[in-house]
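Undergrad: coordinates only, sequence not included:
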Ligand SMILES: CC/C=C\C/C=C\C/C=C\C/C=C\C=C\C(=O)SCCNC(=O)CCNC(=O)[C@H](O)C(C)(C)COP(=O)(O)OP(=O)(O)OC[C@H]1O[C@@H](n2cnc3c(N)ncnc32)[C@H](O)[C@@H]1OP(=O)(O)O
Ligand SMILES: Cc1cc2nc3c(=O)[nH]c(=O)nc-3n(C[C@H](O)[C@H](O)[C@H](O)COP(=O)(O)OP(=O)(O)OC[C@H]3O[C@@H](n4cnc5c(N)ncnc54)[C@H](O)[C@@H]3O)c2cc1C
């Protein structure tokens, strides 16, 4: 399809999804899932995932009563317009202004520079009638920083942009992926006025007289929508990784290459240890991210309930965990989808394998909702603060509780003596805790050598990111172990998930061996024992690998992959897909007579001469 056809088709699907949601007797969860799964990526996704939550989280009761009924019935369609051409990561650097005019009791929205143009918001370019806009609030000449405003963008009768608004689509994005069905847009204001009551005023407000009343709660609650989406992105990472691994595992069981004895059947590529070494850690990651995503949803729900009671104690932990796990899981999943493509050889590069599309749609997850490095630096900031408070009498809690055992973890030596010891959850956990703590403390010690802490932080950015990743990987390993010790029913299932848990942990030790050795968390002998155990675990998982991906229960339609078909009938279907290609409509291609024939004829003529 052309871009316009793709876009219009997405509108059709989105409206169809909305019709189903309204007609079917669905639970709230089912309708939420339908919205997300039938519309990724599409404007519905962001209306429900960002525009509505922003109003819920930052609007007053009156504002919620006015705007949510319209949004819930989709009588207005909204987007989340924060990022600008010149600033995305640095929210406090946004340039759009909202200047209060006490004469008219209005805010004047303006884009003072080209870099202040809103740029990237999904749904902004062509669909949304409204937006939550983030702009610098200015009253009486004073800049109070970035605040949220609900703004109507288009005429509700003919959908034309309102006077003072220039709006459009930012153009084609990466690959030929479905993200090109999304109208990520640009928007400029030219002294565009909105009523004062359209500033989202739950956190801070402006009185009729133009007095700014700052928030009596942490200003970062304004970032709440991003935190909520980051939490969902972790579970999405598990789904995306599972899709890619399902395709690659099923195809690896179907594909045979080399290894035939005396003209017999060739070897399934899934039996090659290199294929297992690349594939099974990704299979384990799909399960690991699912379990940590379940825990993160609990953490986010818990912090949301606490915030409603003005209890901000776990807000820093929630921010660090959502930021760090979003960053870590999306990076791993993007790399994992690409690895699954390569695991499928040449056929993985075909569009009908489903992997190029999955990669094209998924990889922006490393950037949207926060660039992954920027988010890990938030985790690093949180860890440095925690380390600085060790010994202050304030015991670290939650995911940093292990830091409270710093005295032990800084000097302990791993007691791993044989390969089977790597199947001991306590030993594995202590190894990851020691590595994470020692990396964080090493950063803190190096930071303390700088007089200017900000300068020191800037100098140590790369080390700080690695320490943050180590902390996040510890969280994922620990939540996998907790999951195994808790809710898993059925001995057989539990044994298989145990194998995957240790594959996940031991592959990380192998991948980040430099960390573990340089922090003396393990010895090179213990690392060799871990590798030995890893190979043994691959052998144990191999007979159940296909069953473990079938367990994701994805339909062929959802997978969209000839290689990942449930029936394994790959080769005939590859031909079937190939013959559908328009190039095969004629045996002699368009262009033969204009270009190929003259070339050949000229060659023949010169050959005769
Ligand atoms: C279609 C695909 C289908 C499925 C996939 C699933 C979902 C798709 C969803 C989205 C994709 C489509 C749309 C995408 C939308 C977007 O991208 S929206 C825009 C996202 N933008 C960002 O994430 C910006 C990232 N930057 C920031 O968050 C901030 O600028 C910052 C980096 C955190 C810095 O902020 P600031 O300068 O204000 O703060 P600091 O000075 O660094 O820190 C001050 C203290 O505040 C604490 N803090 C910071 N942020 C938060 C927070 N969110 N919550 C709580 N606390 C916070 C920070 O820890 C400091 O605390 P202190 O150390 O104690 O002082
Ligand atoms: C598909 C897609 C959909 C999006 N949808 C929306 C939307 O609906 N609404 C919306 O508001 N936004 C949206 N965005 C914008 C997105 O949120 C931003 O692109 C994202 O926050 C990254 O910001 P940036 O583009 O400014 O990156 P930059 O910050 O410019 O990143 C560029 C490089 O600089 C590095 N960097 C930046 N700051 C630092 C630092 N302090 N220390 C070290 N390194 C640093 C980064 O790590 C990165 O390597 C979308 C983006 C994409 C790709």
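TA: That came in fine, so what should we check first? Since the structure is predicted, the reported quantities are computational estimates derived from the model, not experimental observations. Ligands and ions are numbered 1, 2, ... in the order given.
Undergrad: my read: residue 322 touches residue 230, true?
TA: Yes. Contact criterion C-beta atoms under 8 Å: residue 322 and residue 230 qualify, at 4.1 Å. The C-beta positions use only the backbone N, C-alpha and C, and glycine is treated the same way.
Undergrad: Where does the prediction get shaky in the chain?
TA: Judged by pLDDT under 70, the chain has its weakly predicted residues at 35-41, 176-177, 609.
Undergrad: So which residues on it come close to ligand 1?
TA: 40-41, 45-46, 49, 80, 82-83, 88-92, 122, 220, 223, 226-227, 229, 232-233, 236, 315-316, 319, 368-370, 374, 378, 381, 385 (C-beta under 6 Å from any ligand atom).
Undergrad: wait, residue 314 sits on residue 307?
TA: No. Counting by C-beta under 8 Å, residue 314 stays clear of residue 307, with 9.1 Å between them.
Undergrad: secondary structure element for the nearest residue to residue 482 once chain neighbours are set aside?
TA: Nearest residue to residue 482, sequence neighbours excluded (C-beta to C-beta, 6 or more residues apart in numbering): residue 295, at 7.6 Å. Take DSSP states H and E as the rule and residue 295 turns out to sit in helix 273-308.
Undergrad: tell me the angle the host helix or strand of residue 238 makes with helix 273-308.
TA: Element membership for residue 238, per DSSP H and E: helix 224-254. Note on geometry: by axes from the mean of the first three to the mean of the last three C-alpha atoms, to 10 degrees, helix 224-254 and helix 273-308 are set 160 degrees apart in direction.
Undergrad: so how many other residues sit close to the residue nearest to residue 383 when sequence neighbours are not counted?
TA: Computed as C-beta to C-beta, 6+ apart, the closest residue to residue 383 that is not its neighbour in sequence is residue 440, at 4.7 Å. The number of residues packed near residue 440 is 25, by other C-beta atoms under 10 Å.
Undergrad: In terms of secondary structure, what does the one helix or strand residue 440 maps to contact?
TA: If you go by DSSP H and E, residue 440 is part of helix 425-448. Counting contacts by 3 or more C-beta pairs under 8 Å, 6 or more residues apart in numbering; DSSP states H and E, helix 425-448 packs against helix 372-388, helix 406-411, helix 453-459, helix 461-485, helix 491-511, helix 513-518.
Undergrad: Tell me what angle that helix forms with helix 461-485.
TA: Going by the same axes, to 10 degrees, helix 425-448 is angled at 160 degrees with respect to helix 461-485.
Undergrad: Next, the buried residues of helix 425-448.
TA: Using 16 or more other C-beta atoms under 10 Å as the test for burial, helix 425-448 gives 425, 428-444, 447.
Undergrad: With stretch 446-463 instead?
TA: With burial defined by 16+ other C-beta under 10 Å, the residues of stretch 446-463 counted as buried are 447, 456, 457, 460, 463.
Undergrad: Just name the closest of those residues to ligand 1, please.
TA: Lowest distance from ligand 1 to the buried residues of stretch 446-463 (C-beta to the nearest ligand atom) belongs to residue 457, with 10.7 Å.
Undergrad: Could you measure from that closest one over to residue 436?
TA: Distance, residue 457 to residue 436, by C-beta to C-beta, to the nearest Å: 19 Å.
Undergrad: Equivalent analysis for residue 8, please.
TA: Counting by C-beta to C-beta - residue 8 and residue 436 are separated by 49 Å.
Undergrad: give me the element the single nearest residue of the stretch 51-200 of the chain relative to ligand 2 is part of.
TA: Ligand 2 sits closest to residue 88 of the stretch 51-200 of the chain, with a gap of 2.5 Å, by C-beta to the nearest ligand atom. Assigned by DSSP H and E, residue 88 belongs to no helix or strand.
Undergrad: show me the contacts for it.
TA: By C-beta atoms under 8 Å, 6 or more residues apart in numbering, the contact set of residue 88 is 120, 371.
Undergrad: For stretch 459-475, which outside residues touch it?
TA: Residues from elsewhere that reach stretch 459-475, judged by C-beta under 8 Å, 6+ apart: 292, 321, 324-325, 327-328, 373, 376-377, 379-380, 383-384, 399-400, 402, 429, 432-433, 435-436, 439-440, 442-443, 446-447, 450, 457, 508, 512, 515.
Undergrad: Return only those of those residues found close to ligand 2.
TA: Within those, those near ligand 2 by C-beta under 6 Å from any ligand atom are 373, 377.
Undergrad: helix/strand/coil for the residue in the stretch 501-609 of the chain that ligand 1 sits nearest to?
TA: At 13.8 Å from ligand 1, residue 558 is the closest residue in the stretch 501-609 of the chain, using C-beta to the nearest ligand atom. Under DSSP: H, G, I helix; E, B strand; the rest coil, residue 558 falls in the helix class.
Undergrad: Equivalent analysis for the one 5 residues further on, please.
TA: When classified by three-state DSSP, residue 563 comes out as coil.
Undergrad: ok, the closest residue to it other than its chain neighbours - how many residues close by?
TA: Closest residue to residue 563 apart from its sequence neighbours, by C-beta to C-beta, 6+ apart: residue 251 at 4.0 Å. By other C-beta under 10 Å, 26 other residues sit near residue 251.
Undergrad: Residue 251 reaches residue 566, doesn't it?
TA: No. Counting by C-beta under 8 Å, residue 251 does not reach residue 566; the two are 11.9 Å apart.
Undergrad: Next one: residue 248 from ligand 1, what distance?
TA: According to C-beta to the nearest ligand atom, to the nearest Å, residue 248 and ligand 1 sit 21 Å apart.
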